[in-house]
Each structure stands twice: as structure tokens, then as C-alpha cells.
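**Q** Just need the structure, nothing else, for what follows:
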Amino acid sequence: MVNDAVWDIGYLVAAALFILGIKQLSSPRTAPQGNRMGAMGMFLAVLVTLARMYSEGIVGWELIVGGLAIGILIGALMATRVEMTGMPELVALFNGFGGGASALVALSEVLGRLQEGDVPEAGVELYAIWVAIGLSGLVGWITLTGSLVAMMKLKGGFVVPLSKKWVRFPTWGPPWLNAVKILLLAGSLYLIWMTINDPTNTDYIWGIVGLSSLLGILFVMPIGGADMPVVVSLLNSLSGIAAAFTGFVIGNNVLIIAGSMVGAAGLILTFIMCKAMNRTLPDVLFKAFGGSGEKDQLTRTKVGSDPEEVAMVLDGAQKVIVIPGYGMAVSQSQHAVKEFADMMESEGCEIAYAIHPVAGRMPGHMNVLLAEANVPYEQLIEMEDINSEFPDCDVALVIGANDTTNPAARTGEGPLAGMPILDVDKARVVVIIKRSLSVGYAGVDNDLFYMDKTMMLFGDGKKMMNELNSALKDL
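**A** Okay, here's the model as predicted:
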């Protein structure tokens with residue numbers, strides 16, 4: 001029997017790698033190294049746990065090797081095959097897997113204890129263990145089902161098995177739904193209390209599974225696309241909290257440490273995202289926004305420009321700010337954008353990229369896409385730092401961004417009221433690449449499209465960028 005201190009040392013090293021990894025994630029330049037350190041820490045934690053289970057006779061080598069092989073294969077296939085545009089869905093799915101794993105461990109622990117008759121006597125130990133199991137299950141099942149809904153909303157829908165029919169996932173949130181969610185949460189907490197009073201009754205346990213799973217679905221269902229980055233961040237936090245509760249349940253130190261860190265980091269990021277949108281977390285959770293309300297009807301028109309016209313405007317420009325949005329991700333035009341930037345810089349033009357905190361479908365979505373195209377990190381400038389530079393900008397090039405550039409946010413009215421935006425309208429010339437004049441997720445028509453200094457390039461982002469690059473070469 002190996003001394004417990006050996007396992008604790010292994011967990012301590014894994015926890016140190018987690019902490020150092022998160023520290024490295026604070027800068028885009030060191031983020032890849034931080035990601036690798038976090039992965040190494042998790043791999044070490046898994047190896048230590050499996051080795052401990054083997055030494056205690058819980059599992060054999062065949063299960064250890066088989067589990068590692070299956071997990072590595074699934075993870076490698078998903079990570080290598082996913083497109084960058086599908087990264088938000090993958091992150092949401094992984095959040096769900098984390099919550100589901102914690103919920104299953106809690107369920108296994110309580111059912112195993114009941115089967116073996118290992119139920120603590122009434123007192124502090126019973127309260128501590130059963131409350132931890134209940135909360136781990138509650139948060140875990142909410143995270144699992146909520147993340148699956150978030151993934152389908154980000155993807156736009158799902159395919160019905162066998163029929164190959166594509167069904168769009170709805171954004172549904174009638175006024176009475178908040179009361180239902182509160183009742184489901186109260187009911188789940190009540191069932192946790194009942195499991196303490198009657199620990200051997202499995203009906204209460206399955207009731208928690210059912211109510212919390214339904215709560216996760218209804219929790220994410222009303223939330224529109226504009227708030228989805230906040231939801232993904234919050235679900236990430238919940239997966240960490242569920243893991244921390246599970247760590248208390250099974251007495252695993254590394255789960256407690258790692259779960260607490262993920263939970264805290266996710267909550268901090270969630271509040272940062274809320275601040276960036278000038279919204280409170282209760283507003284995000286209980287007031288449907290962006291995709292569930294009425295959308296403005298378009299009554300105005302705008303004559304589109306062609307790439308040759310835009311190229312002539314760009315000829316001689318001294319400073320260009322690129323504003324990436326989800327349209328850039330959908331069209332996968334980040335490499336064409338980088339080619340454009342290289343050509344402009346070769347002519348002595350200064351290039352910068354304006355990054356809005358909630359651009360895209362997940363925190364840091366635009367940063368990831370541009371990093372894939374080898375855009376220098378120092379050119380990625382956050383909203384609060386670059387807004388003062390727009391009045392001195394010759395051309396602001398917007399690629400598929402809408403709500404994050406909409407001046408209606410300054411009016412104090414409508415769904416975008418008070419949301420901080422990029423001051424694109426203050427640039428000398430604005431060029432917008434977009435398929436149409438359609439409204440964004442908030443459903444608000446964008447006055448920026450109709451300004452005299454705005455030039456619209458209607459079409460697919462990648463196609464338009466390639467045509468613009470060709471026009472610049474022909475000058």
C-alpha cells in the first residue's frame with residue numbers, strides 16, 4: 001500500500017501546474033504555454049488518481065488503459081476535426097461534459113453508499129456528505145443539460161436522428177418561465193433536504209436528477225445569441241463548482257482545488273463580460289435579450305460599393321482599424337484579413353484590430369481566430385483602449401460585426417441601451433463587409449450602415465476580402 005502522502009504530492013504538483021497555467025493565460029502571448037501546462041496538470045491528476053485506484057484494488061490495468069485510450073481518442077478527434085467557427089460549440093459541450101462527470105460521480109457515490117449500507121449516522125457528517133452530494137448533482141445536471149442547449153443554440157439547431165432533418169433550436173421565454181425556474185430550484189433544494197431526513201429513499205435522488213436537468217434546459221432556453229458569450233462563461237464556472245463539490249464528496253484534493261479555480265475564474269470572466277455589455281447577471285439570466293424579442297423592420301436602403309472603389313479609398317491610408325465580428329468567423333476570412341493587413345503595412349499603413357469583449361460566440365473568440373492567422377498579439381487592442389483612436393483613423397474596416405458597432409447603444413433606448421460599443425462611426429471612412437442590411441441579435445437596425453461616409457460591401461466575408469485584396473494588388 002502506497003503512503004497517502006505520495007498521492008497528495010502528485011496532486012500538489014498538478015494543482016501547481018493549474019495555477020501556473022492560469023497565470024500564463026493572462027496574456028495572449030503566453031496563453032499557448034499556459035494551456036499546455038494546464039493540460040499537463042490534468043494529465044498528471046488523472047494518472048495519480050488511476051494509480052491510486054489500482055493500488056487500492058478498485059480497478060485493474062485493463063480499465064485504466066482502456067479508459068485512457070478511449071478518452072484520448074475522443075478528445076483528439078474532437079479537437080483536431082473541429083473548425084474554428086465551431087469552437088464555441090465545442091467549449092459549451094466540454095463544459096457540459098465536466099458538469100455531467102461531476103453529477104455522475106455524485107450519483108455513483110450516493111447509490112454505492114446506499115447499496116453498501118454506508119450511510120452516516122444523523123449529525124454533522126451526514127449533513128456534510130449528503131449536502132455535498134446533492135449540490136454536486138444539482139449543479140452538475142444543470143451544467144450538463146444547460147450546456148447541451150447552449151451548444152445547440154450556438155450551432156443553430158440539431159439534426160433529427162434517421163430523418164436527417166435540420167431543426168432550428170428555439171429561443172423561448174414566456175413571462176411566467178422565471179417563476180417556473182425558481183420553483184424548480186426550490187424543489188431541488190427541498191429534495192436535497194429530504195435526502196438528509198430520509199437518506200435511504202432513492203426517489204428523492206432521482207427527483208433531484210430530473211428537476212435539475214429540466215432546470216438546466218429552461219435556464220438557457222430564453223437566452224439569446226447576444227448573451228451567449230456570458231452564458232458559456234457562466235456554464236464554465238458551474239462545471240468547476242460542480243467539480244469542487246464532487247471533490248468534497250470523494251475526498252479528492254485536486255478536484256477541490258481545480259474546481260474552485262475554474263469556478264472562480266469563470267465567475268470573474270462572467271462579470272467582466274456583463275460589465276462589457278453594461279448588463280447585470282440577473283438581467284442576463286432572467287430577461288431574454290438578443291434573439292427572443294421583436295426585430296426592427298428594415299425600411300431604409302443603402303447602395304453597395306464594389307471592391308475597386310474601396311481599394312481606391314484605402315490607397316494612401318495611413319491608419320486602418322479592423323473590426324472583426326462573427327461574420328468573419330462564419331466566412332473563415334481571418335487569413336484573407338491577415339493578407340490585407342500585410343499588403344497595407346507594406347505600403348506604410350498602420351494596422352490595428354479593435355476587439356469588443358463580446359464579439360463572436362464565446363469569450364476571446366476573435367482573438368483565437370486572429371491568432372490562428374498569425375496576427376501579432378500587440379495589434380489586438382481591447383475596446384476601452386482603442387476607442388480613442390477612431391477619430392484619427394482613416395478607414396475602419398468592419399467584417400461581420402453588427403450590435404457591437406451600433407450607435408443606437410448610445411441613445412439610452414431599446415435592447416442595446418447603455419451597452420459599450422466600438423466607436424466605429426467616428427472614423428473618417430467606414431467600410432462594412434456584410435451579406436445584407438439585416439439586424440443583429442439584438443434586433444436593432446444599425447444607423448452606421450446608412451451614414452454618408454459608410455461604404456457597404458455586400459457579400460460573403462471571405463469572398464469580399466479576397467476581391468478587395470485583388471483590387472489592392474491591381475492599383
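
**Q** Which other helices and strands does the helix or strand harbouring residue 323 contact?
**A** Secondary structure from DSSP states H and E places residue 323 in strand 319-324. Applying 3 or more CB pairs under 8 Å, 6 or more residues apart in numbering; DSSP states H and E, one finds that strand 319-324 makes contact with helix 334-346, strand 350-355, helix 365-372, strand 395-399. Any C-beta I mention is one placed from the backbone N, CA and C, and that applies to glycine too.

**Q** List the strands paired with the helix or strand that the shortest one is followed by, with their directions.
**A** Per DSSP H and E, strand 395-399 leads on to strand 429-434 as the next helix or strand towards the C-terminus. With DSSP bridges as the criterion, the sheet partners recorded for strand 429-434 are strand 395-399 (parallel), strand 454-458 (parallel).

**Q** would TSV of those strands with distance to residue 62 and mean neighbour count be doable?
**A** As requested, the strands paired with strand 429-434 are exported to TSV (distance: least, CB to CB, whole Å; neighbours: other CB atoms under 10 Å):
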stretch	distance to residue 62	mean neighbour count
strand 395-399	52	28
strand 454-458	59	20
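
**Q** Figure out which of the ones you listed is closest to residue 95.
**A** Shortest separation from residue 95 across the strands paired with strand 429-434 is recorded for strand 395-399, at 27.9 Å, computed as CB to CB.

**Q** Quick one: distance of the closest one to the chain centre.
**A** Relative to its chain's centre, strand 395-399 lies at 25 Å (CA atoms, centre = their mean, to the nearest Å).

**Q** and what of stretch 17-25?
**A** In terms of CA atoms, centre = their mean, the centre of stretch 17-25 is found 19 Å from the chain centre.

**Q** Could you list the buried residues of it?
**A** Residues of stretch 17-25 classed as buried under the neighbour-count rule (16 or more other CB atoms under 10 Å) are 17, 18, 19, 20, 21, 22, 24, 25.

**Q** which of the helices and strands packed on strand 319-324 is buried the deepest?
**A** Of all the helices and strands packed on strand 319-324, strand 395-399 has the most neighbours on average by mean count of other CB atoms under 10 Å, namely a mean of 28.

**Q** could you check the angle helix 365-372 makes with it?
**A** Strand 395-399 and helix 365-372 meet at an angle of 100 degrees, taking axes from the mean of the first three to the mean of the last three CA atoms, to 10 degrees as the criterion.

**Q** outside of strand 395-399, which residues touch it?
**A** Contact partners of strand 395-399, identified using CB atoms under 8 Å, 6 or more residues apart in numbering, comprise 313-314, 317, 319-325, 327-328, 333, 337, 340, 354, 390, 405, 424, 427-434, 448, 461, 465.

**Q** Nearest spatial neighbour of residue 105, chain-adjacent residues omitted?
**A** Taking CB to CB, 6 or more residues apart in numbering as the measure, residue 105 lies nearest to residue 246, with 5.0 Å between them; neighbours along the chain are not counted.

**Q** Please list all residues in contact with that neighbour.
**A** Residue 246 sits in contact with 102, 105, 106, 136, 140, 252, 255, 259, where contact means CB under 8 Å, 6+ apart.

**Q** Tell me where the stretch 51-200 of the chain has helices.
**A** In the stretch 51-200 of the chain, the helices defined using DSSP state H, counting those that start in this stretch lie at 61-81, 87-116, 124-155, 177-197.

**Q** Could you identify which of those helices is most buried?
**A** Greatest average neighbour count among these goes to helix 124-155 (a mean of 23), per mean count of other CB under 10 Å.

**Q** Just give me the neighbour total for residue 311.
**A** Other residues near residue 311 come to 18 when the count uses other CB atoms under 10 Å.

**Q** burial count for the closest residue to it other than its chain neighbours?
**A** Leaving aside its chain neighbours, residue 311 sits nearest to residue 471 (3.7 Å; criterion: CB to CB, 6+ apart). Other residues near residue 471 come to 18 when the count uses other CB under 10 Å.

**Q** hang on, residue 471 is in a helix, isn't it?
**A** Yes: read with DSSP: H, G, I helix; E, B strand; the rest coil, residue 471 is one of the residues of a helix.

**Q** That one: what's it in contact with?
**A** With contact set as CB under 8 Å, 6+ apart, residue 471 has these partners: 307, 308, 310, 311.

**Q** out of these, who's nearest residue 125?
**A** The shortest gap between residue 125 and any of these belongs to residue 310, at 70.8 Å (CB to CB).

**Q** Check which residues of the one helix or strand that closest one maps to are buried.
**A** For residue 310, the element it lies in under DSSP H and E is helix 307-314. Buried residues in helix 307-314, counting neighbours by 16+ other CB under 10 Å, are found at 307, 310, 311, 314.

**Q** Looking at those, which one is closest to residue 413?
**A** Comparing every one of these with residue 413 (CB to CB), the shortest separation belongs to residue 310, at 32.5 Å.

**Q** Distance of residue 236 relative to residue 88?
**A** 12 Å (CB to CB, to the nearest Å).

**Q** Tell me the spacing between residue 316 and residue 429.
**A** Distance of residue 316 to residue 429, computed by CB to CB: 12 Å.

**Q** now do residue 343
**A** As for residue 343, its distance to residue 429 is 18 Å (criterion: CB to CB).

**Q** if we can go back for a sec, switch the contacts of residue 471 over to JSON lines; also include pLDDT and distance to residue 368.
**A** As requested, these are arranged in JSON lines below (pLDDT from 0 to 100; distance: CB to CB, whole Å):
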{"residue": "307", "pLDDT": "93", "distance to residue 368": "27"}
{"residue": "308", "pLDDT": "94", "distance to residue 368": "32"}
{"residue": "310", "pLDDT": "93", "distance to residue 368": "27"}
{"residue": "311", "pLDDT": "93", "distance to residue 368": "29"}
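
**Q** For these, which two are the farthest from each other?
**A** Farthest pair in those, by CB to CB: 308 and 310, 7.4 Å.

**Q** picking that back up, turn the contacts of residue 246 into a markdown table, columns for pLDDT.
**A** Compiled in a markdown table, the contacts of residue 246 are given as follows (pLDDT from 0 to 100):
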| residue | pLDDT |
| --- | --- |
| 102 | 91 |
| 105 | 90 |
| 106 | 89 |
| 136 | 92 |
| 140 | 93 |
| 252 | 80 |
| 255 | 85 |
| 259 | 89 |
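
**Q** Residue 321 touches residue 352, doesn't it?
**A** Yes: Residue 321 sits in contact with residue 352 when judged by CB atoms under 8 Å, with a separation of 5.1 Å.
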